[in-house]
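Asks: Would you be able to build a 3D model of this:
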Amino acid sequence: QVQLVESGGGLVQPGESQRLSCAASGSFFIIYDMGWYRQAPGKQRELVATSTRGGIPNYSGSVKGRFTFSRDTTKNTIYLQMNSLKREDTAVYYCNARVQRTEYGMPTDYWGQGTQVTVSS
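Replies: Model prediction:
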């Protein structure tokens, strides 16, 4: 089984910063894409930032220039540094990973349980 565990959410004021982490653990052969998605109340889940293994991060337009995605492949961990947070960034943030569990298996998407980020004064 594969587990994705997010951490770092919480309450922050507008303009402040916050850093999220997501660590993958379990039994697998290789992790390909990893990324962050978010879902605000009453809205669909949307992409925040993703990256292929060793690739350049891809950001949504709403966070580009404010958020920074990074990945440590040696630790199977990704991070999301969020600066200049806005009220509209309030959402549950989910970690996603495309994982191939065995050498000849098919890649499968896994999701973390989500971490709440609330931006409010």
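Asks: Can you list the buried residues in stretch 17-34?
Replies: 18, 20, 21, 22, 23, 24, 28, 31, 33, 34 (16 or more other Cβ atoms under 10 Å). Where you see a C-beta, it was placed from the backbone N, CA and C, and this is true even at glycine.
Asks: contact partners of stretch 104-121?
Replies: Stretch 104-121 is touched from outside by 2, 4-14, 16, 18, 20, 22, 24, 29, 32, 38-39, 82, 85-101, with contacts defined as Cβ atoms under 8 Å, 6 or more residues apart in numbering.
Asks: That one: which residues count as buried?
Replies: 110, 112, 114, 115, 117, 119.
Asks: Now it: average pLDDT?
Replies: For stretch 104-121, the mean per-residue pLDDT is 97.
Asks: Next, the distance between the ends of that stretch.
Replies: 50 Å (Cα to Cα, to the nearest Å).
Asks: Off-centre distance for it?
Replies: 6 Å (Cα atoms, centre = their mean, to the nearest Å).
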